[in-house]
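**Student:** For reference, the sequence and a predicted model appear below.
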Amino acid sequence: MTATPADTAPPDRLSAQRQALIAQRLRRAGAGTPAPAAIPRLPAGAAPPISFAQERLWFMEQLSAGTTAYVMRTAVRLRGRLDLDALHLALDDVAARHDSLRTYFPAADDGRPVVRIAERVSVPFRVVPLGTHAGTDVLGWARAVTTADSGAFDLTRPPLLRATVVEIGPDDHVVHVAMHHIVSDGWSRPVLLGDWAALYAARTGLGASPEPLPVQYGDYADWQRRRLSGAAAERDLTYWRQELAGLPPIELPTDRPRPAQQGADGAGHKIRLPDELVEALRRLGREHGATLYMTLLAGLHTLLYRVTGQRDVAVGSPVAGRLRPELERLVGLFVNMLTLRAGIRPDMTFAELLAQTRERVLAALGHQELPFERLVQDLNVERDTSRSPLFQVLFGMHNSEGPAGAWPGGLTALRYGLQVTSTRHDLSLYVDDRADGMWGVFGYRTDLFDAGTVARLATGYRRLLAAAAARPDTPLADLDLMDRAERSAVLRLGAGPRPASARPGDDAGTLDAVIAPHVAATPDAPAVVSGETTLTYRALDAGANRVAAWLRGRGVGRGSLVGVCLEQAPELATVLLGVLRAGGAYVPLDAEQPAARLASMVDDARPTLVLTTTELAGRFGAAPVVCLDRVREQIAQHGAAPPDPVAGPDDLAYVIYTSGSTGRPKGVAVAHRQVRRYLDGVGARFEPAPGARWALLQSLSFDFAVTVFYLGLATGGCVHLVPRRCTGDELAAYLRQHHVDYLKMTPSHLAALATEVPATALTPARALILGGEASRLDWAAELAAGPAAVFNHYGPTEATVGITVQRVEPSAGGSGATPIGVPLPHARVYVLDERLRPVPIGVPGEIYAGGDRLARGYLGRPALTAERFRPDPYADEPGARMYATGDLGRWRADGSLEFLGRRDGQVKVRGTGSSWARWRRRWPRVPAWARRSRCCAATGSSATCSAYRARPSRATRICAASSPRRCRST
């Protein structure tokens, strides 16, 4: 690792781990436990084995050839007259003293690494003179030089060590050393610097050489291999198997998707813990018999719980691995990693978590000698090249204050801080206890995190510690993660504005009245086109009036529900508006749904009648059915004059059934006013051109279609009812022939059609609106590079079609999901935790929809309505509600919202929600089903879900479909 926070200084010799070990040794001494036998020396000339840690690190290096993730760096600033020749020779003497610094690792014939030790090496030693940099920012220049000296090593060529000396003044130098981690660790740095100073003194005649070392690293590796084949290792394994059973990976709120190959580039963010906070934490620890290390670790566990929502989290922590005194003066890879787990309940207090942390840390230290590499092998951890095994977050504590060795000849040595440039873990926190205060450095992978995100995490950590110190008996879920100003700022992100073009009374009419201005102003303009048939606004208005009059004669009035199951035809438009003008609300029914599902919806809605065709008449159970193809003449006999209005803006306009996570449809009841407000808000965001052409491909049973149908008519446009089963070629030809301006589609539907023609041929002239499911940002950005604007539109049916919109810019990059944008006018959006409190920017939570256009609720299901439509604690208006969407999301730093998936594991295929449970119930009926099957689902470019049967050598797809009922063997 290149200059990680832990690598800039030696470990604290009285760390929490060592305090625990001292206590453990005292207990053993009191019990009469004999001192352990000394580590034996290998016979002269015997080849040492590779240690467990070296073996795993060698393997990781092979996976990422040329990586700098395992380059360790340290630096010291030497003031005074420096003999550079003696300094170089002294470094060669250090390498001669420590076998590990002359060790290299060629591969044997079987491909496995072997250990070889060179007899003598000359350490690469580069001097960079001040030269023309005098008078400039020499410290900045020196930092740039040392940062650049972090290149990879070749493990087959010794030495795995090099030095660079940067002159920043006549008697002022920065000495930088880079070593490969396979031959060193954090403890090794002060050992190397101390030996270098002593051997420099010997070279300059100012001191004696240090005493020979009692053992070398090869002796330790041989002893370790022998020891770990006995009962002691089995006891440690038994403990760790139980402690880590079922440990899930932590899913940090990263800014970018995790690449398939783990990255190594890193950076760091430094924070200072106020002195009064540190003292309060020390006091809290003493009250609970815990060290400061344990208290800070409990704080990190709390942070991870709060920003991920996971109640089972683990953090890795390094221990020196030098339990025997003969190992303390060696340079080598001894460090071991402990996986420290925390089981969290929302009502658990910080004091309770601290007690748990204390017990688990002490227990882990009692079993620390088992190498992490051996543990990973024994647990058979699934290999994942995108992340480190067992834990992805690292925590450590050390003390970097003080001189960097006793250098002779009047030299003053000071530690020289290095920038974090590389990391092996997603996130790390190293706390440094210095004379000028307690500092923490959050290291992070730059391929996963932005600097601002880590800065917010660091601030949240400090805030949680302060809250815990002040109120240790407060539940973890109630500790403050944001201050009042940040909380207010987050709430402002979710407040949708009123459109600047809003006019009083825009939401006062009924939905069918949106065509009235155009009937008066442009009666002969086309309103609806289907095939060869065109309805003008005059004809649409008259047809709707006739249907309304006929419906009233059939008993339809204010509040009546009317089922509508029709194909894409002009008649559909007149029927929908006619139902509204009769005072009723329509219940759109999709003829492509299974008959049993349609019958279930009709049975739940109990409509006054169902309007359909003779072909579909037998699919609606016992409901009264009217076949429109048999009563057209009756309808035509009614006059074209508008009927007296009986419905108002607060009456129902439609009831749309959603699939529901359980598979049982729920009828979402939406009033006229809410749809008018939606049109008002979305119109302000899209700014559609008057008289534009809109293409509708979806069934009206999907509220996705409300945008196109009603916004097109409300703006005097022409709505084209396009056959839903058209191919990519057919749609491209239709868009081109009819000069369509606006099109709304699900990403998967568009991507499926784009397999037949280029996606650019499927984009309209003015705007493409994506919605109904997630889409990939890079894919959407490619579409946005064309002439049409691309919008991503999000929202649940319960919040009236949509609540946020994001315009996709062609320059948008990244392979993650397209942001779902900012709230529309009349909408409020919250991202809340399980206690219904706002979460900080970047932290996942459940999306709640508020504002003044929520649906009335679920038809005939008051208990479910009360469960999902809750009082809004953040609204100023009395009686305001918010809807629990069940969707996970988070606020981005730019103020837009990001969709992260479903809480219940539901997926959307072509915009229709479906639970994994329904798929799993279907798959066992497929002949090729096997117990170890898996399901894969992609967003943005996949129109199906697939099941795969796992085999040792390959995965075979056994099922692919766009809905569970269509799942068949492939």
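**Tutor:** Happy to help now that I have it. Not measured: the values here are computed from a predicted model. Numbering: from 1, shown residues only.
**Student:** what about the host helix or strand of Tyr430, average pLDDT?
**Tutor:** Taking DSSP states H and E as the definition, Tyr430 sits inside strand 427-434. Here the mean pLDDT over strand 427-434 is 92, rounded to a whole number.
**Student:** Buried ones in that strand, by neighbour count?
**Tutor:** Neighbour-count burial for strand 427-434, with 16 or more other CB atoms under 10 Å as criterion, is recorded at Leu427, Ser428, Leu429, Tyr430, Val431, Asp432, Asp433. For every residue, glycine as well, the C-beta is placed using N, CA and C.
**Student:** Partner strands of the helix or strand following that strand and their direction?
**Tutor:** Under the assignment DSSP H and E, the closest C-terminal helix or strand after strand 427-434 is strand 437-445. Strand pairing for strand 437-445, determined by DSSP bridges: strand 266-273 (antiparallel), strand 427-434 (antiparallel).
**Student:** Identify the residues contacting the residue nearest the centre of the chain.
**Tutor:** Centroid-nearest residue in the chain, with CA atoms, centre = their mean: Pro253, separated by 4.0 Å. With contacts defined as CB atoms under 8 Å, 6 or more residues apart in numbering, the neighbours of Pro253 are Val307, Thr308, Thr453, Gly842, Val843, Pro844, Arg890.
**Student:** Kindly indicate whether the last one is helix, strand or coil.
**Tutor:** To tie it back to what came earlier, the one meant is Arg890. strand (DSSP: H, G, I helix; E, B strand; the rest coil).
**Student:** So Gly691 lies in a helix, does it not?
**Tutor:** No: with three-state DSSP as the criterion, Gly691 is coil rather than part of a helix.
**Student:** and the gap between the closest residue to it other than its chain neighbours and Thr146?
**Tutor:** In space, not counting the residues next to it along the chain, Gly691 is nearest to Gly716; the distance is 5.2 Å by CB to CB, 6 or more residues apart in numbering. Noted for Gly716: a distance of 68 Å to Thr146, by CB to CB, to the nearest Å.
**Student:** Over to Val556?
**Tutor:** Between Val556 and Thr146 the computed distance is 82 Å (CB to CB).
**Student:** Next: Glu877.
**Tutor:** Glu877 is 60 Å from Thr146, where distance means CB to CB.
**Student:** neighbour count winner among these two?
**Tutor:** Thr146 (23 against 10; other CB atoms under 10 Å).
**Student:** just checking, that one touches Val165?
**Tutor:** No: Thr146 is not in contact with Val165 according to CB atoms under 8 Å; the separation is 10.1 Å.
**Student:** Next one: the residue lying closest to Gly460 once chain neighbours are set aside relative to Thr746, how far apart?
**Tutor:** With CB to CB, 6+ apart as the criterion, Gly460 has its nearest non-adjacent residue at 5.1 Å, and that residue is Leu481. Summarising the geometry, the distance separating Leu481 from Thr746, computed by CB to CB, is 35 Å.
**Student:** Kindly state the domain boundaries assigned to the chain.
**Tutor:** The chain breaks down into these domains under automatic domain parsing: 246-403+420-484, 915-966.
**Student:** most neighbours per residue, which of these?
**Tutor:** Per-residue neighbour counts averaged over each of those give the maximum for domain 246-403+420-484, namely a mean of 19 (mean count of other CB atoms under 10 Å).
**Student:** the helices in the stretch 501-650 of the chain, which residues?
**Tutor:** Taking DSSP state H, counting those that start in this stretch as the test, the helices found in the stretch 501-650 of the chain are 516-521, 537-553, 570-581, 595-605, 628-636.
**Student:** May I see the buried residues of the second one?
**Tutor:** Right, helix 537-553. For helix 537-553, a neighbour-count test (16+ other CB under 10 Å) marks 537-552 as buried.
**Student:** what mean pLDDT does that helix have?
**Tutor:** 98.
**Student:** Then stretch 106-119?
**Tutor:** What stretch 106-119 shows for mean pLDDT is 94.
**Student:** Check stretch 756-775 too.
**Tutor:** The predicted confidence, averaged over stretch 756-775, sits at 94.
**Student:** quick one: buried residues of that stretch?
**Tutor:** By neighbour count, with 16+ other CB under 10 Å as the criterion, the buried positions of stretch 756-775 are 757, 759, 761-775.
**Student:** now the end-to-end length of that stretch.
**Tutor:** Taking CA to CA, to the nearest Å, the span from the opening residue of stretch 756-775 to its closing residue is 19 Å.
**Student:** Please tell me how far it is from the chain's geometric centre.
**Tutor:** Centroid displacement of stretch 756-775 relative to its chain, using CA atoms, centre = their mean, to the nearest Å, is 26 Å.
**Student:** Let me know the distance separating Leu91 from His98.
**Tutor:** Computed as CB to CB, the Leu91 to His98 distance reads 11 Å.
**Student:** I should have written Glu773 there, sorry.
**Tutor:** For Glu773, the distance to His98 (CB to CB) stands at 59 Å.
**Student:** pLDDT score for the residue nearest to Gly691?
**Tutor:** Per-residue confidence for Gly716 comes out at a pLDDT of 97.
**Student:** before we move on, what SS does it have?
**Tutor:** Note that with three-state DSSP, the state of Gly716 is coil.
**Student:** what residues does the helix or strand containing Leu900 touch?
**Tutor:** With elements taken from DSSP H and E, the one containing Leu900 is strand 897-902. Residues lying outside strand 897-902 but in contact with it, judged by CB under 8 Å, 6+ apart, are 661, 774, 794, 804, 806, 816-817, 819-822, 829, 831, 844, 847, 886-892.
**Student:** just for the stretch 51-200 of the chain, where's the confidence low?
**Tutor:** 132-136 (pLDDT under 70).
**Student:** Just the strands from it, written as ranges.
**Tutor:** Along the stretch 51-200 of the chain, counting by DSSP state E, counting those that start in this stretch, strands occupy 71-79, 103-104, 116-117, 125-128, 161-169, 172-180.
**Student:** In contact with Ala692: list those residues for me.
**Tutor:** With contacts defined as CB under 8 Å, 6+ apart, Ala692 is in contact with Gly712, Thr715, Gly717, Cys718, Asp741, Tyr742, Arg766.
**Student:** sorry, that was for Arg79
**Tutor:** Contacts of Arg79 by CB under 8 Å, 6+ apart are Asp171, Asp172, Leu411, Thr412, Ala413, Leu414.
**Student:** at 6 Å instead, please
**Tutor:** Contacts for Arg79 (CB atoms under 6 Å, 6 or more residues apart in numbering) come out as Asp172, Thr412.
**Student:** Same question for the one 4 residues further on.
**Tutor:** Residues near Asp83 by CB under 6 Å, 6+ apart: Thr204.
**Student:** give me phi/psi at it?
**Tutor:** Summarising the backbone geometry of Asp83 under the convention degrees, to the nearest 10, its torsions are phi -90, psi 100.
**Student:** again, but for Arg387
**Tutor:** Backbone geometry at Arg387, expressed as degrees, to the nearest 10, gives phi -150, psi 160.
**Student:** Quick check: pLDDT value at it.
**Tutor:** With respect to pLDDT, Arg387 scores 88.
**Student:** Skipping its backbone neighbours, what lies nearest it in space?
**Tutor:** If you skip the residues right next to it in sequence, Arg387 has Gln262 as its closest partner in space, 6.0 Å away by CB to CB, 6+ apart.
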